[in-house]
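Q: 3D model of this:
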Amino acid sequence: MLWCLSHVSNRRDKTVRRGAQVKALAICSRFQFIHVWKPLLLLAVDRLYSLSTGLGEYSEDPHEQCRYLFEALNALPVSALPPVCELQRHAHRLMLAQGSATMELSPVGHVQWLNSQLPMRIPLLLQPQELAETSITELLKRFKGGLMAAFHALLSGQRLLFLGHSQPAGGVCAAVLSVPLLVCPPLRDVLPRCFPYTTLNNLDFLSVKGYVAGSTNPIFESHPEWWLTPTLTLTLTLTLTLTLTLTLALTQALALALTLSLTLTLTLTLTLTLTLTLTLTLTLTLTRWDVLMDIDTGKVMVSTTGANGR
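A: Below you'll find the model as predicted:
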């Protein structure tokens, strides 16, 4: 798995169309403590603005700017990271839960950026599904008892959607990435189905079973058909009619004085009608999201077929 961090900056500029310029950079790493490079990423975006000579034009090729950032990030050798075992992680998590420890940051060196050196302090005792800037405490403050709906949704693989119309993108991302901490450990398959920030340009998360997604766009709430669940029931009635005919022939010879032979034939016809009815009802039930978490108000909405089974 790759861990990614992106930064988008919007600055007013009356000399360009629409009166603003937008610059963005993203970095990816196989290390989950990717947030420690955020200060460097901010400086790199500022450098984009300083080298900009117009809309989409730079005094230095953008590829060179990315190369400069890439080399600065990779200048810190991996060997500088001290080894950490699983026992240390579990012991540290237990101490955090008991309040006898705090999140530890280990100094691993400095990163050279232009004429400055930035110190790097890394949290080495993170759980496999944990990010340093996530917090269950913040979720509890926001949703209180309603957070149990999210807990049940994670355990049962239901769809979980976080909406924050007036929230910054970072706040929505933090809420989504904090949810796995409710069940991780021991579960380890929650984070891969998390989509911290979704847009209308990419709705691939809808095809992921039990997704956990976040968005600041109110249109997601006004279009519930994007995450409808169909329930199909069929009704079929079958009638079977069976007719039986039985013929009985009785022949008896009667000796009369005039030597006559009399034959009697009795025919019996029985009709039996059997009706078999098989009922299969066709019902199309469209349900909305399983659990909707409104970050703005702290309200939690659960569908009729949602995580709590109601």
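
Q: give the pairing partners of the host helix or strand of Ser9; include direction for each.
A: When elements are assigned from DSSP states H and E, Ser9 belongs to strand 3-12. Strand pairing for strand 3-12, using DSSP bridges, gives strand 20-29 (antiparallel).

Q: before we move on, the earlier item: please save the CA atoms from the strand holding Ser9 in CSV.
A: Extracted in CSV, the C-alpha atoms of strand 3-12 (Å, rounded to 0.1, in the frame of the first residue of the first chain):
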residue,chain,number,x,y,z
TRP,A,3,0.4,6.4,1.6
CYS,A,4,-0.3,9.7,-0.2
LEU,A,5,-0.4,13.3,1.0
SER,A,6,-1.5,16.2,-1.2
HIS,A,7,-1.6,19.9,-0.7
VAL,A,8,-3.7,22.3,-2.8
SER,A,9,-3.3,26.0,-2.5
ASN,A,10,-5.6,28.7,-3.9
ARG,A,11,-4.3,32.3,-4.0
ARG,A,12,-5.9,35.4,-5.4
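
Q: quick one: distance of that strand to the chain centre.
A: Here the centre of strand 3-12 is set off from its chain's centre by 23 Å, with C-alpha atoms, centre = their mean, to the nearest Å.

Q: what's the answer for stretch 172-181, then?
A: Centroid separation between stretch 172-181 and its chain, computed with C-alpha atoms, centre = their mean, is 11 Å.

Q: likewise stretch 215-224?
A: Relative to its chain's centre, stretch 215-224 lies at 15 Å (C-alpha atoms, centre = their mean).

Q: before we move on, the earlier item: hmm, who's touching the strand holding Ser9?
A: Outside strand 3-12, the residues within contact range by C-beta atoms under 8 Å, 6 or more residues apart in numbering are 19-32, 34-35, 37-38, 41-42, 45, 49, 131, 169. To be clear about C-beta, it is placed using only N, CA and C from the backbone, and glycine gets the same treatment.

Q: can you do 6 Å?
A: Under the contact criterion C-beta atoms under 6 Å, 6 or more residues apart in numbering, strand 3-12 has outside partners 20-29, 32, 34, 41, 45.

Q: write a PyMOL command that selects only the buried members of these.
A: A single PyMOL command is used to select the members of the contacts of strand 3-12 judged buried by 16 or more other C-beta atoms under 10 Å:
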select buried, resi 21+23+25+27+32+34+41+45
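
Q: any chance of the contacts of strand 3-12 in JSON lines with distance to Leu147 as columns?
A: What follows is these, written out as JSON lines (distance: C-beta to C-beta, whole Å):
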{"residue": "Ala20", "distance to Leu147": "37"}
{"residue": "Gln21", "distance to Leu147": "39"}
{"residue": "Val22", "distance to Leu147": "35"}
{"residue": "Lys23", "distance to Leu147": "36"}
{"residue": "Ala24", "distance to Leu147": "32"}
{"residue": "Leu25", "distance to Leu147": "34"}
{"residue": "Ala26", "distance to Leu147": "30"}
{"residue": "Ile27", "distance to Leu147": "31"}
{"residue": "Cys28", "distance to Leu147": "30"}
{"residue": "Ser29", "distance to Leu147": "30"}
{"residue": "Gln32", "distance to Leu147": "23"}
{"residue": "Ile34", "distance to Leu147": "26"}
{"residue": "Leu41", "distance to Leu147": "31"}
{"residue": "Val45", "distance to Leu147": "34"}
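
Q: helix or strand with the lowest mean pLDDT in this structure?
A: One helix or strand of the chain scores below all others by mean pLDDT, DSSP states H and E: strand 283-287, with a mean of 46.

Q: okay, which residue is most central for this structure?
A: Tyr211 (1.6 Å; C-alpha atoms, centre = their mean).

Q: against Arg12, how distant is that residue?
A: Separation of Tyr211 from Arg12 (C-beta to C-beta, to the nearest Å): 36 Å.

Q: all set now, cheers.
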